[in-house]
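Colleague: All I have is the shape, not the residue letters:
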């Protein structure tokens, strides 16, 4: 790993492709979770974060794993993008445009229809219901609790690595994880 990083620092394109190729899928998975399942935003976030990582590869000291360092970049890039989004959301809101143009009664779809229907419609309906309730339960959490839970459960990150990515104490990560788990168990108890 250190050899790859040393080669990347020397502007070796093959080493760059190999290094980021090993981490691309997981980086996208983290971005996807942070972006609440929005594929387009996740692709943009992943691309932005990888570009930042390439530009700042000289700052990688090896104190944490490369993957943890990369996740930290993804997380800070996500936070930066959320700040920009909040500033521009009112300007580019389809709901706002509809209200200004007299189309306030028109429904604006939240997600595209699902074209991948299972053989058993009841199972597909139950899966969709569970997915919807899990999505709602996750987004009912405060942001830090949701992110800690997603890093731990969906990305199998250690408490130490999560603390490094979020730049907080391990005890804080444990507290967020505990509260998130309690909330999700309570909210989704009917599915257990």
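Modeller: It's in. In this text the structure is predicted, and so the values were computed from the model without any measurement.

Colleague: if I look at the residue nearest to residue 34 when sequence neighbours are not counted, how far off is residue 151?
Modeller: Taking CB to CB, 6 or more residues apart in numbering as the measure, residue 34 lies nearest to residue 78, with 4.6 Å between them; neighbours along the chain are not counted. C-betas here are computed from N, CA, C, even on glycine. Separation of residue 78 from residue 151 (CB to CB, to the nearest Å) stands at 12 Å.

Colleague: Surely residue 160 and residue 171 touch.
Modeller: No. With contact defined as CB atoms under 8 Å, residue 160 does not count as touching residue 171 (11.5 Å).

Colleague: neighbour count winner among the two?
Modeller: More neighbours sit around residue 160 than around the other of residue 160 and residue 171, counting by other CB atoms under 10 Å; the figures are 13 against 10.

Colleague: so what's that one up against?
Modeller: If you count contacts by CB atoms under 8 Å, 6 or more residues apart in numbering, residue 160 has them with residue 170.

Colleague: returning to what we had before: how near is the residue nearest to residue 34 to residue 14?
Modeller: To residue 14, residue 78 is 29 Å away according to CB to CB.

Colleague: who's more crowded, the two?
Modeller: When residue 78 and residue 14 are compared on other CB under 10 Å, the one with more neighbours turns out to be residue 78, at 21 against 10.

Colleague: any idea how far the helix or strand containing the more buried one is from the chain center?
Modeller: Taking DSSP states H and E as the criterion, the element that holds residue 78 is helix 66-89. Here the centre of helix 66-89 is set off from its chain's centre by 9 Å, with CA atoms, centre = their mean, to the nearest Å.

Colleague: what residues does it touch?
Modeller: With CB under 8 Å, 6+ apart as the criterion, helix 66-89 contacts 1, 5, 19, 23, 26-27, 30-31, 34-35, 41, 44-46, 48-49, 52-53, 56, 60, 64, 147, 151, 155, 157, 161, 164-167.

Colleague: Okay, now the unreliable bits of the chain?
Modeller: Screening the chain residue by residue with the criterion pLDDT under 70, one finds the ranges 1-2, 83-128, 130, 191-192.
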